[in-house]
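Peer 1: Following is a predicted model, sequence given first.
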Amino acid sequence: MKNGTITRRCRCTDPTTGKDLGASCPKLKSRRHGTWGVFQELDLAQDGRRRRFRRGGFESSTKAQEELDKVRALMAIPEEDDAWGKTQISDVLENCVKDKAPVPDYDEIRRRFKTGQSLNSKTTVAEWLDTWLVGRKRLRRGGVARYECDIRVHLKPHLGHLRLDKLRVHHIDTMFDAINERNIEVQEQNAQRRIVRDELKATPNKGAENRARRKWLQAQLNAMPPFRRITGLNTQPHIRDTLRAALNVAIAQQMMPAFNPAAHVELLPGTKPKALIWTDERIARWKETGEKPSPVMVWTPVQAGTFLDFVVQDRLYMLWRIIAFRGTRRGEGCGVRWEDHSAKARSLAIATQLIQDGWDVHEGAPKTDSGFRLVALDDETNEGLLAHKARQQREREEWGEGWQDTGRIFTQEDGSLLHPGKVSDLFERLIEAAGLPPIRLHDLRHVAATLMLAAGVDIKVVSETLGHSDTRITRDIYQSVLDDLARDAAEKVAQLVPHARKPLASVKDTEHKTSPRRPRMAPPLKSDAAEQNRSA
């Protein structure tokens, strides 16, 4: 390492030529004239370019020497034969000159160098999340979209400005506190908007006074924020997991200390919605208040039969039937191909699905590895698919050259792909027309699980049919349904035992019919009776 130097110079110029006098300035003999500067030769860049550390403006030689000592201490960190390490240190010092930043702390740079971490301590959380997200492109498209949403909506706005190596647990706690506070604000604004909207709907459009009232209400509605969704307690763990996954990679690449702050964040406990059956009592309450008892509602077998009878002439009847009986996901049902159907084996292979990304639709693999499965079909469904194929062939002939050969079982009239979002909209309209209590299209999959459980199908078979990776997932989702089935089973067991069923008398009736009498003596024990016989 070459020795550096400190120099003193001023900005005095020659009055005749206008050039700087530099070291020839006679005033430099005074210690108070001019400023001190530092010069240190750095190691060559990777492309062989010569580099220097040059910095001026120091008031005294002492301060200039202190700066030079800092630079030389950093350059002495690598071993003499560590060319790559020297290049890295020189890169840091060169960036300091370019950015006009202070010389980095010696202890911090030495720690990073010894542990193999990046010496660039200015990487922000936002910059690292962008870098990390690029490396996730090999994942399923839906998973990448979810990561991107977490980063764009939550992580960058709250944490993006922080240095990656300075991220701490309390920063992440503050983010989730802010999210929960925003949830309260959104709920209040949604409630206010709902009140105005309901009043607007209830105000008739007759009469000058009513029309003026409606105009005022509409103006109030336009000035309010639109309805927004909150970031629920069940969503927040996914945000934390996204950050934790990104930081794990940063730790593995030695971009930050071997401590993941996201792994030590405690969140408010959330509860997953349980599937509830549409009983008569719940239907009555829904009609009265307009509110569903649970986000996940399930039809009874009778209600499911009513729906299938109502849509029996619909083009997509077999799609509704397969989801209701076999529990395929929406994208799986829309994406199933004719090559996946075996009429001889009466089976349907789930090997692809249509994924909705925003409003765009693309083909992708099933949601999980367990989503790849073979679904058995009953005879009526198998025959129905063959009839559906014949009808599709007739549609193909009618469209002629305009037919789009996608190879899908369920398509639009011209053979093009079904849009999963439009299928959900159609399903909701059919439910309303049938006069049934509302469920989501995904809940029709829950109906299939309920039917299988009610039919006594083993829960492992149910789990495999639905494409769950573990029976615990099935039990967790359908625990309330299983409880209802357990009560029904208890009644059936009681019915199997023949015995006289006499109504129990009430305590009051017993006291009225029972006359006072002398307490009955307890029979003697065998040992006491034997003693009495011996005495006789």
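Peer 2: Arrived safely, thanks for sending.
Peer 1: What strand or helix carries the nearest residue to Arg211 once chain neighbours are set aside?
Peer 2: Nearest non-adjacent residue to Arg211, counting by CB to CB, 6 or more residues apart in numbering: Asn205, 6.4 Å away. For the C-beta atoms, the positions are set from N, CA and C on the backbone; glycine is no exception. Assigned by DSSP states H and E, Asn205 falls within no helix or strand.
Peer 1: try Leu354
Peer 2: With DSSP H and E as criterion, Leu354 is part of strand 353-357.
Peer 1: what helices or strands is that strand leaning on?
Peer 2: helix 141-150, helix 330-335, strand 360-364, helix 420-434 (3 or more CB pairs under 8 Å, 6 or more residues apart in numbering; DSSP states H and E).
Peer 1: For Leu418, see how far away Leu319 is.
Peer 2: Applying CB to CB, to the nearest Å, the value for Leu319 to Leu418 is 8 Å.
Peer 1: any shared contact partners between these two?
Peer 2: Shared contacts of Leu319 and Leu418 (CB atoms under 8 Å, 6 or more residues apart in numbering): 334, 410.
Peer 1: who's in contact with Gln217?
Peer 2: Actually, residue 217 is Leu. It isn't Gln. Leu217 touches 196, 199-200, 203, counting by CB under 8 Å, 6+ apart.
Peer 1: How many residues are close by the closest residue in space to Pro420 that isn't next to it in sequence?
Peer 2: Nearest residue to Pro420, sequence neighbours excluded (CB to CB, 6+ apart): Gln356, at 4.7 Å. Gln356 is flanked by 18 other residues according to other CB atoms under 10 Å.
Peer 1: what is Gln356 paired to in the beta sheet?
Peer 2: Listed by DSSP bridges, the beta-bridge partners for Gln356 are Val361.
Peer 1: Would you confirm that it contacts His419?
Peer 2: Yes - counting by CB atoms under 8 Å, Gln356 touches His419, with 7.4 Å between them.
Peer 1: in this protein, what spans have low per-residue confidence?
Peer 2: 1, 22, 117-118, 120-121, 137-142, 469-536 (pLDDT under 70).
Peer 1: So which residues of it form strands?
Peer 2: 5-9, 35-41, 52-58, 276-277, 297-298, 341-342, 347-350, 353-357, 360-364, 373-376 (DSSP state E).
Peer 1: Would you mind finding the most buried of those strands?
Peer 2: Ranked by mean neighbour count, the strands of the chain are led by strand 297-298 with a mean of 23 (mean count of other CB atoms under 10 Å).
Peer 1: Does anything pack onto that strand? Which helices or strands?
Peer 2: If you count contacts as 3+ CB pairs under 8 Å, 6+ apart, strand 297-298 packs onto strand 276-277, helix 441-454.
Peer 1: Return the list of strands paired to that strand, each annotated with direction.
Peer 2: Using DSSP bridges, strand 297-298 pairs in its sheet with strand 276-277 (parallel).
Peer 1: Could you pull up the residues touching Cys10?
Peer 2: 21, 25, 27-28, 33-35.
Peer 1: centre of the chain versus stretch 270-281, how much separation?
Peer 2: 22 Å (CA atoms, centre = their mean, to the nearest Å).
Peer 1: again with stretch 245-261
Peer 2: Distance, centroid of stretch 245-261 to centroid of chain: 21 Å (CA atoms, centre = their mean).
Peer 1: End to end on it, go ahead and measure it.
Peer 2: 11 Å (CA to CA, to the nearest Å).
Peer 1: Buried residues, it. List them.
Peer 2: Neighbour-count burial for stretch 245-261, with 16 or more other CB atoms under 10 Å as criterion, is recorded at 246-247, 250, 255-257, 260-261.
Peer 1: And for stretch 290-308?
Peer 2: Buried positions in stretch 290-308, judged by neighbour count with 16+ other CB under 10 Å: 292-293, 296-300, 303-304, 307-308.
Peer 1: and the two most separated of the residues you listed?
Peer 2: Within the buried residues of stretch 290-308, Pro293 and Leu308 form the most distant pair, 23.4 Å apart (CB to CB).
Peer 1: For stretch 225-245, which residues meet the burial criterion?
Peer 2: Neighbour counts over stretch 225-245 (16+ other CB under 10 Å) mark 231, 236, 239-240, 242-244 as buried.
Peer 1: who touches Leu430 in this structure?
Peer 2: So Leu430 contacts 307, 310-311, 314 (CB under 8 Å, 6+ apart).
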